[in-house]
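Q: One predicted model, sequence on top.
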Amino acid sequence: MAPRRPKSNATIKDDAHWYRLPVGAPVHHNVVPYGQLLLQNESSFHAKNLARERIYRGVDLQNQKLALSQLERGGMGIARLNALKAICDTFTSRLSKDRPMPDIVTDDSDWEMKRRAKKYRAFIVGHMSETDFDDLSRRALHDGTRLGSGFTRIDDNDDAVFAERIPVNDLLFDRRECKYGKPQQAIRIQRVARDYLAELFPASRAAIERAPSSLRRKDDSDIDGDGPRVGDLEDYVDTWEGWHLPTLRESTNGRHVLCFDTDDPKAGTLVSEPWLEPRFPWSHFQLGDPDWGIYPEGFVDQLVMLQHRVNCIVRDIQLNLAATGRGHFLVNEANDIPTEMLSGFQPFKLKFKGATPPTWNAPSPFNPAQMGALEMFIRQMYDMTGVSQAAATSKSALGAGASGVALDTQYDIDSDRFRMPQANYARYRLNGAQCYLDAAKRVARRRSEAKGKKRSWVAVSWKNRDAIQKLEYDKVALEDGSYRLRIEAVNFLPDTRAGKLSVVEQLAKAGVIPRWLVPTLFDEPDLQQANSIMLAAFQNAMRKMDDLADEDLPVPSPEPYNDLDLELKIVVAYYNRVQIDRAPEEIQERYRQYADLVTDAIKTKQKQEPMLQPPAEMMAPPMPPAAGAVQHIPAIPPMSPMGIGAPDMPPTAQMAMPMAS
């Protein structure tokens, strides 16, 4: 069955108002024609995206296929120098090293809301790890570098939160709504296996089996359309998923629908429900800020003309080398031999008369000015985008022995050109965190409506994949207006071995790292592991502070092997913090109780210390060194009782090393 053609322009206006129908009403007769019309209107934009993909990969465009295939068969394939791909890959690798993480700010909220915000911080970090959001962020960044835009969907499947990449050509917008960058509705076309869709929606199985096959699109093939197409996609169905955002916070015209094309008046609408969130369920990365609309230019649009000129120069050099580099043979007419008997690739034979052969001067294969122009065009491509040629070739202009300060300075200089893309990338990850919060609210709402028929928790990684914490979705469903999201501060450490060793040297000289720990960082400078050792006492104290804020847990007991002085300072600071936050009296009493326990433990330890000292008469005086002998000085100074302090610095005064991003 062939797909229905979109309706005429006289009736498409009614289809655009599909969101005005009641919740649960069939809308596929409105949504599918409207989506087909948008797909038709966006055909030129989608074709340009495919051309950008081919230019990035260095694939020749379709109108040159026949001529270039003839050259390939003759052994004269066109050479390419794809500087554009190197620039895009270097830029993506550079920005993807940064992993901006969201932080929840609830300064004006009550104590309970702040506790829920902290749980949500653990929830969102764990879900980002479980759903591979970092990998999806790199893919969105890669799409944005080439095409200008990249999309990552964060949504719920009724029972949990998932994340996936959305190809740019799958999303359909009315460009008139996108003029100011805030479209009100969007439709996604997605090809789904017929059996899979019928298994998800068994009530509509009969209509799904009779639905028309998926539409042929220009981006169906991974081999750029130059190979045979097998089959007719009869086992696949196009689904049309639409969203309309509510116009105001109190509005009820927000809608979310999922449809497919069918003549059945009811079975074609698989999902029809209200949409309460004021945003779409995806995070959009933009390489730049467009003046109009939502689609900025990517690097391909900025560099395509220079890349074309580079290809032309490289092809001229290739043809010149082929013409001047093959064998040239001077043959006397009296002793003529067939060309087929000459060696080399496509040899050239010149016949002459007489006993003296002519003089042959081999021409230069290329003009030096041509090579200078080639280098100039490539250099301009890098300069226009701000990408360093040294970074593209994995080289450093500072050398292998550069200090950490020099690396930091060079990193700041190189990053100045990327301030806007870096800010957009951080905003993209921040919007992704908001989408995780929205999806958690929808899961909590659906589970509340299901009245406990489904499980009330999911296993979420917290800080790493080894620590599993069970979090209830309704505990992290924060209300809009009670919080705000911001990007956490992230410090920078060099990634190279030389840079890490330089940082280790600087931290050791400053006394941040004790001398006994420095040799362990020579073989493999793992600063994160060293940080975990240095801050173990501090992190243990912070864990106890979190336990004190939870009334369901018992008050922890301080031990002599804890850093009691440090814990006393931290618990006093936390006690003042919870008073500022107006925590319940029960919570404040727990902090006071623990402060008293730590104080008593310190007094007990001070009383025991004189008893551990040996009597003075048992301590022999040190022997004076012999005349002329070299006095031995220990290489490792005495450590603090906890074994983590610097020789002249107590453990509580230790400074924290910067964490790697």
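A: On my side now, so go ahead.

Q: Can you tell me the closest non-neighbouring residue to residue 173?
A: residue 183 (5.1 Å; Cβ to Cβ, 6 or more residues apart in numbering). Where C-beta positions appear, they are placed from N, C-alpha and C, glycine not excepted.

Q: So that neighbour, which state does it fall into?
A: Classification of residue 183 by DSSP: H, G, I helix; E, B strand; the rest coil places it in coil.

Q: got the phi/psi numbers for it?
A: Backbone dihedrals for residue 183, given as degrees, to the nearest 10, come out at phi -70, psi 150.

Q: do the same with residue 285
A: Residue torsions, per degrees, to the nearest 10, at residue 285 are phi -100, psi 130.

Q: Quick check: beta-bridge partners of it?
A: Residue 285 has the following beta-bridge partners by DSSP bridges: residue 150.

Q: I'd guessed it sits against residue 423; true?
A: No - if you go by Cβ atoms under 8 Å, residue 285 and residue 423 don't touch, sitting 11.2 Å apart.

Q: how much space between the closest residue to residue 82 other than its chain neighbours and residue 387?
A: In space, residue 82 comes closest to residue 58 once its chain neighbours are excluded; the distance is 4.2 Å by Cβ to Cβ, 6+ apart. Going from residue 58 to residue 387 by Cβ to Cβ, to the nearest Å gives 18 Å.

Q: Who has more neighbours out of those two?
A: Set residue 58 next to residue 387 and count neighbours by other Cβ atoms under 10 Å: residue 387 wins out with 23 against 13.

Q: mind listing what that one touches?
A: Contacts for residue 387 were tallied using Cβ atoms under 8 Å, 6 or more residues apart in numbering; they are 87, 90, 91, 94.

Q: If we use 6 Å, what do you get?
A: 87, 90, 91 (Cβ atoms under 6 Å, 6 or more residues apart in numbering).

Q: now do residue 253
A: Residue 253 makes contact with 19, 246, according to Cβ under 6 Å, 6+ apart.

Q: ditto for residue 276
A: So residue 276 contacts residue 254 (Cβ under 6 Å, 6+ apart).

Q: so which helix or strand takes in residue 543?
A: Taking DSSP states H and E as the definition, residue 543 sits inside helix 536-548.

Q: So for that helix, what gets flagged as buried?
A: By 16 or more other Cβ atoms under 10 Å, the buried positions in helix 536-548 come out as 537, 538, 541, 544, 545, 548.

Q: Assign residue 219 to helix, strand or coil.
A: Assigned state for residue 219: coil (three-state reduction, three-state DSSP).

Q: ditto for residue 176
A: Assigned state for residue 176: coil (three-state reduction, three-state DSSP).

Q: quick check: mean pLDDT across the helix or strand hosting residue 441?
A: Counting by DSSP H and E, the element that carries residue 441 is helix 419-449. The average pLDDT within helix 419-449 is 85.

Q: repeat for stretch 196-212
A: 92.

Q: From residue 561, how far off is residue 163?
A: Remark: distance between residue 163 and residue 561 (Cβ to Cβ) = 43 Å.

Q: Could you do residue 576 as well?
A: Distance of residue 576 to residue 561, given as Cβ to Cβ: 27 Å.

Q: just checking, residue 52 is part of a helix?
A: Yes - looking at residue 52 with three-state DSSP, it is inside a helix.

Q: tally of neighbours for it?
A: Residue 52 - counted by other Cβ under 10 Å - has 20 other residues nearby.

Q: That one contacts residue 299, doesn't it?
A: No - using Cβ atoms under 6 Å, residue 52 is not in contact with residue 299; the gap is 9.4 Å.

Q: in this structure, which helix or strand is least confident?
A: strand 457-462 (a mean of 33; mean pLDDT, DSSP states H and E).

Q: So what angle separates the directions of the helix or strand that contains residue 604 and helix 536-548?
A: For residue 604, the host element (DSSP H and E) is helix 585-612. Put simply, helix 585-612 runs at 140 degrees to helix 536-548, going by axes from the mean of the first three to the mean of the last three Cα atoms, to 10 degrees.

Q: Now do the SS call for residue 556.
A: Secondary structure, three-state DSSP: residue 556 is coil.

Q: Same check on the one 5 residues further on?
A: Each residue gets one of three states, and residue 561 gets coil by three-state DSSP.

Q: Ok, the one 10 residues further on next?
A: Secondary structure of residue 571, reduced to three states by three-state DSSP: helix.

Q: Likewise for residue 240?
A: Secondary structure assignment for residue 240 (three-state DSSP): strand.

Q: First-to-last residue distance for stretch 216-236?
A: When the termini of stretch 216-236 are compared using Cα to Cα, to the nearest Å, they are 11 Å apart.

Q: pLDDT of it, averaged?
A: Mean pLDDT, stretch 216-236: 64.

Q: can you check stretch 52-71 too?
A: Computed over stretch 52-71, the average pLDDT equals 66.

Q: what does stretch 373-388 give?
A: What stretch 373-388 shows for mean pLDDT is 89.

Q: List the residues that contact residue 338.
A: Going by Cβ under 6 Å, 6+ apart, the list of residues near residue 338 is empty.

Q: what about residue 579, neighbour count?
A: By other Cβ under 10 Å, the residues close to residue 579 number 12.

Q: neighbours of the residue lying closest to it once chain neighbours are set aside, just the number please.
A: Nearest non-adjacent residue to residue 579, counting by Cβ to Cβ, 6+ apart: residue 588, 6.4 Å away. Neighbourhood size, residue 588 [other Cβ under 10 Å]: 16.

Q: Same question for the one 5 residues further on.
A: When neighbours are defined as other Cβ under 10 Å, residue 593 has 13 of them.

Q: ok, it - contacts?
A: Residue 593 makes contact with residue 555 under the criterion Cβ under 6 Å, 6+ apart.

Q: Show me which of residue 163 and residue 561 is the more surrounded one.
A: residue 163 (24 against 9).

Q: Which pLDDT does the model give the more buried one?
A: 92.

Q: ok, residue 239 - contacts?
A: So residue 239 contacts 190, 192, 260 (Cβ under 6 Å, 6+ apart).

Q: and of those, the nearest to residue 119?
A: Minimum distance to residue 119 across the contacts of residue 239 is 33.6 Å, recorded for residue 190 (Cβ to Cβ).

Q: export the contacts of residue 387 to TSV and tack on pLDDT?
A: Below are the contacts of residue 387 laid out as TSV (pLDDT from 0 to 100):
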residue	pLDDT
87	92
90	90
91	91
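
Q: Next step: the residues you listed restricted to helices.
A: Filtering those for membership in helices, criterion DSSP state H, returns 87, 90, 91.

Q: And those, which is closest to residue 266?
A: Sorting the ones in helices among the contacts of residue 387 by distance to residue 266 puts residue 91 at the head of the list, at 49.8 Å, by Cβ to Cβ.

Q: Out of the ones in helices among the contacts of residue 387, who's the most crowded?
A: Neighbour counts for those peak at residue 87, which has 27 neighbours (criterion: other Cβ under 10 Å).
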